[in-house]
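> Predicted structure and sequence below. I'll ask about it afterward.
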Amino acid sequence: MNKTYKYTIVTLILAVAFSFGSMAAVKLMIRAREGQILSESGIIEAAPVREREEQGEVSVEDIENAVSRWRGNMVSAHNPMEGQISMEEAIRAGREWLGEMDLEREYEDGREMDEDGQLYSVYAILGVMASEEFTEDDMALYDSFWRVEFASKYMQIFLYVNAVTGKVWRADITMYSNCLEQIPYWKLKTFVELCGLQPSYKGAEKNQEGTQAVWDIDDSRLCARMQFYRDYNTAYQDSLTQPDNEIPHQKSVHLKMGLAIKEDG
Amino acid sequence: MKLFHKVFLCFVVIFGITFQTAGYFLINFSYENVLEQEKKIALGDFQYNQYILQSILYAEPELSKKLEYEGWENDILNNFTVPVSLYSLTPLSGIYAFGIDLLEGTVGEQEGMKGQMMLEIGEKGEGRIFFEYMFDREGIDDGISFQTYEKDGKYYIFVCGVVEQGKNKVCLVTQTNISAAIEEQKKMNTYFQRLYIVIMCISFPIIFLLTKALTDPLKKVGRAAGRIAQGNYSQRIRTRGKDEISDLASDFNQMAEQVEEKIHQLSDMARQKEDFTANFAHELKTPMTSVIGYADMLYQRDLSREEVKSAAGYILDEGMRLEALSLKLMDLFVLDRQEFFLEMMSVEEMFENIKQGIVPICRKYDVALHMEIQEGSIRVDFDLFKTMILNLADNAVKSGGRDLWISGSQEKDSYRIEIRDNGRGIPKEELGRITEAFYMVDKSRSRKQHGAGLGMALAAKIVQIHRAKLLIESDGKTGTSVCVVFYTER
């Protein structure tokens, strides 16, 4: 009986020793693997240019497809692809659009300035506006946009320039001074024409509050939509990082215009 | 080490290895997944900030000149969404390399690495972060490279790539902080280890009980075997279920039964041998005593003719008895050691022959013989069959009756031969032992008739050789009936 008892004690000790020993061994292995993973380095091969059929003219149907896939403001940036315009072309297209839309700027020493002589900073980012539910294989070249930002202390403009056509299909404008007093719905006609589309002869339909206007586009499911509202709480913020600023709270005006699918389309 | 200990250890080892291996692979897989996700985020950050840098270079082609003015660095760097480092790859003349030592909080000048302009930033308070991988390379190509890095308990992914705009070629390094994701992974790792300890604490008693449940039946078998070895042959194990253990238990019970049976058989055989030897010695001693006694008397004394004749008569009687005894013993031994060939023979014909041996005996003892044999055939060795019938007839004649009936009748699947007398019979309590060697119901009568108590033993042996059945019935008063049943279809 004594021998059995001793064997039982020895067995229990061995079992406990094995349990903790194996735990320690695996812990060491995990730590080693962790060290390996967390010091990994390598080269990410640049994504090859996707083989696409040569993109000819972007048809109205293509525009409808792209617009119907819009969700949010910008989902992800990607490298430029063949058949898409460059950043310089996008910025140039944006400047031209601003000129056409009477949002002129001046130049001094080759640098852009707004009406009040404030410097603009210009940034351009190429990405897609479609929802994440679409995979890369679902995307066409014309689904990509250059988001060109013109920012100064008194105005911030985001223009969404189509990467294939170079046309502005959407604009978000925030004014902190010299603000518009009412919705400039007549600009929708110019906007549609600058998109290369035919605005309907019926003209713009406005709501009673004067905050929204719609201008139909002939022979398509598309329309141009404008939103106009005042914001009495927003302060000017530096474009990306600085939460604090030197300008006291003041009212601002937001003007958004862009292509959309008609509600009955 | 007992089986219980071995099984218990095996369970623990297998369980531990399985759990830890699964845990290791799960954690490894999770780590790799998390890092892949973080790499994608870091790449996204890089691509986004790449465009920001391009935009800056587009707007300010003479960026290097701007950096001579104090405050420009912050203006530029504030545009990026993550901490970055910029390294100009286009040679510029008259420009010192710039470095911001955030630990000191000052802008200073230092020699640039490989003579390149340097603008560097890290998270506040952490100082400069060097991208060693990039500087280890001989040339910078157009690929995007990454490096995972740990510093002071925080984890980062650096992504490095070349950005070209106009005449400018700048190497951009972005830093993405992945500490939160890695900390979550470490927590998961710690949680796994704690879970393992808890599960082991719970499973130890369960494994213990399981092992006990498996090995206890084997212990019972062992204990039962021990008791049987000590002489308790009736020990059995209760069987439950239909698994291998219950099969073992039922096989053990069968074995125990066989052992018990064999032990009893051996005991019986040993007892029979002992009795046989004792009886044989006694049967031998008794006539020898008489022979020696009378021979001594003849040798020692001068006896009259009558006395000499009487003594010689006794010596002759006992000698004949000894002769009969030795002949019968010889027959018994021969029966034990020989193979016999049985053949089909007609019962009527056999009894015609045997009758010639029975009639003189009946005449000698003044017994009337009644024989009625039906037609039939049985498989026999004739000599043995004759010996058996003569022995049974001899016993019947010497039982003191007036008549002897011998009949043979064919039954459904057997042939029945009956030898019946109306002598003194055999007491019921003696019937079980009547076929034992040297056993005599009435010893004195038997000895007088030169009997040795081996006739019925011989007959029983012959019946056994023929695979027949011997049935003896007697009430102990009015006679005895001995039946031998020969099976015809076996």
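Looks like it came in fine.
> Going by C-alpha atoms from here, please, whenever you check contacts or count neighbours.
Fine.
> Tell me how confident the model is about the lengthiest helix in chain A, as a mean pLDDT.
If each helix of chain A is counted by residues according to DSSP state H, the longest one is helix A:2-37. Throughout helix A:2-37, pLDDT has a mean value of 89.
> moving C-terminal of that helix, what's the next helix or strand?
If you walk from helix A:2-37 toward the C-terminus, the next helix or strand you reach (DSSP states H and E) is strand A:41-44.
> what separates the helix or strand just after that following strand from the chain centre, distance-wise?
Moving toward the C-terminus from strand A:41-44, the next helix or strand (DSSP H and E) is helix A:60-68. For helix A:60-68, the gap between its own C-alpha mean and the chain's C-alpha mean amounts to 18 Å (Cα atoms, centre = their mean, to the nearest Å).
> Now do helix A:60-68: which elements does it pack against?
Counting contacts by 3 or more Cα pairs under 8 Å, 6 or more residues apart in numbering or on different chains; DSSP states H and E, helix A:60-68 packs against strand A:252-261.
> Give me the residues contacting the strand it packs on.
When contacts are taken as Cα atoms under 8 Å, 6 or more residues apart in numbering or on different chains, the neighbours of strand A:252-261 outside the stretch itself are A:64, A:67-68, A:169-177, A:179-180, A:183, A:188, A:221-235.
> Now intersect those with the strands, please.
Residues of the contacts of strand A:252-261 located in strands (DSSP state E): A:169-175, A:222-231.
> List only those of these flagged as buried.
Burial by neighbour count, judged by 16 or more other Cα atoms under 10 Å in any protein chain shown, picks out A:169-175, A:222-230 from the ones in strands among the contacts of strand A:252-261.
> Specify the local secondary structure of residue 185.
Just going to use chain A. Here A:Tyr185 is coil, with the state taken from DSSP: H, G, I helix; E, B strand; the rest coil.
> Mind listing what's buried along the longest helix of chain A?
With the criterion 16+ other Cα under 10 Å, helix A:2-37 contains buried residues A:8, A:11-12, A:15-16, A:18-20, A:22-23, A:26-27, A:30, A:33-34, A:37.
> so which of those also contact chain B?
A:8, A:11, A:15, A:18-19, A:22-23, A:26, A:30, A:33-34, A:37 (Cα under 8 Å from any Cα of the partner chain).
> For the stretch 51-200 of chain A, give the residue positioned nearest to chain B.
Here the stretch 51-200 of chain A gets closest to chain B at one residue, A:Tyr123, 4.8 Å apart by Cα to the nearest Cα.
> Next, that residue: phi, psi?
Reported as degrees, to the nearest 10, the phi and psi values for A:Tyr123 are phi -130, psi 140.
> measure it to A:Trp215 for me?
When distances are taken as Cα to Cα, to the nearest Å, A:Tyr123 and A:Trp215 turn out to be 30 Å apart.
> cool, and A:Leu28?
Taken as Cα to Cα, the span from A:Leu28 to A:Trp215 is 67 Å.
> Any regions of the chain where pLDDT drops low?
Looking at chain A here, since you left the chain open. Scanning chain A for pLDDT under 70 picks out A:1, A:45-56, A:72-75, A:104-119, A:130-138, A:178, A:232-250, A:264-265.
> Actually, chain B is the one I wanted.
Within chain B, the segments meeting pLDDT under 70 span B:63-75, B:87-143, B:337, B:443-452, B:489-490.
> Mind doing that once more with 50?
In the predicted model of chain B, residues B:92-140 satisfy pLDDT under 50.
> show me the biggest strand of it in terms of residues.
strand B:154-165.
> Show me which residues of that strand are buried.
By neighbour count with 16+ other Cα under 10 Å, strand B:154-165 contains the buried residues B:155-165.
> so can I have JSON lines of those showing distance to chain A?
Compiled in JSON lines, these are given as follows (distance: Cα to the nearest Cα, whole Å):
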{"residue": "B:Tyr155", "distance to chain A": "8"}
{"residue": "B:Tyr156", "distance to chain A": "9"}
{"residue": "B:Ile157", "distance to chain A": "9"}
{"residue": "B:Phe158", "distance to chain A": "9"}
{"residue": "B:Val159", "distance to chain A": "9"}
{"residue": "B:Cys160", "distance to chain A": "9"}
{"residue": "B:Gly161", "distance to chain A": "10"}
{"residue": "B:Val162", "distance to chain A": "12"}
{"residue": "B:Val163", "distance to chain A": "12"}
{"residue": "B:Glu164", "distance to chain A": "12"}
{"residue": "B:Gln165", "distance to chain A": "9"}
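> In which helix or strand does B:Leu332 reside?
Element membership for B:Leu332, per DSSP H and E: helix B:305-337.
> What is the subsequent helix or strand relative to that helix?
Assigned by DSSP H and E, the successor of helix B:305-337 is strand B:343-346.
> after that next one, next one along is what?
Tracing the chain C-terminally past strand B:343-346 and defining elements by DSSP H and E, one meets helix B:347-365 next.
> So which elements touch the helix or strand following that next one?
Read in the C-terminal direction, the helix or strand following helix B:347-365 is strand B:368-373, with elements assigned using DSSP H and E. Judged by 3+ Cα pairs under 8 Å, 6+ apart, the packing partners of strand B:368-373 are helix B:347-365, strand B:403-410.
> One more pass at 6 Å, please.
In terms of contacts (3 or more Cα pairs under 6 Å, 6 or more residues apart in numbering or on different chains; DSSP states H and E), strand B:368-373 is packed against strand B:403-410.
> helix/strand/coil for the residue lying closest to B:Lys220 once chain neighbours are set aside?
Spatial nearest neighbour of B:Lys220, excluding adjacent residues (Cα to Cα, 6 or more residues apart in numbering or on different chains): B:Ile237 at 7.5 Å. Assigned state for B:Ile237: coil (three-state reduction, three-state DSSP).
> What is the neighbour count of B:Ile237?
Using other Cα atoms under 10 Å in any protein chain shown, B:Ile237 has 19 other residues around it.
> Can you tell me how far it is from A:Met87?
Between B:Ile237 and A:Met87 the computed distance is 92 Å (Cα to Cα).
> and what of B:Ala256?
Applying Cα to Cα to B:Ala256 and A:Met87 gives a distance of 98 Å.
> Can you give me the neighbour number for the spatially closest residue to A:Asp231 that is not a sequence neighbour?
Counting by Cα to Cα, 6+ apart, the nearest residue to A:Asp231 once its immediate chain neighbours are dropped is A:Ser252, at 5.2 Å. One way to gauge burial is a neighbour count; for A:Ser252, by other Cα under 10 Å, it gives 23.
> what do you get for B:Glu60?
Other residues within reach of B:Glu60, judged by other Cα under 10 Å, total 15.
> From A:Glu89, how far out is it?
Relative to A:Glu89, B:Glu60 is positioned 17 Å away (criterion: Cα to Cα).
> likewise B:Val170?
When Cα to Cα is the yardstick, B:Val170 and A:Glu89 sit 21 Å from each other.
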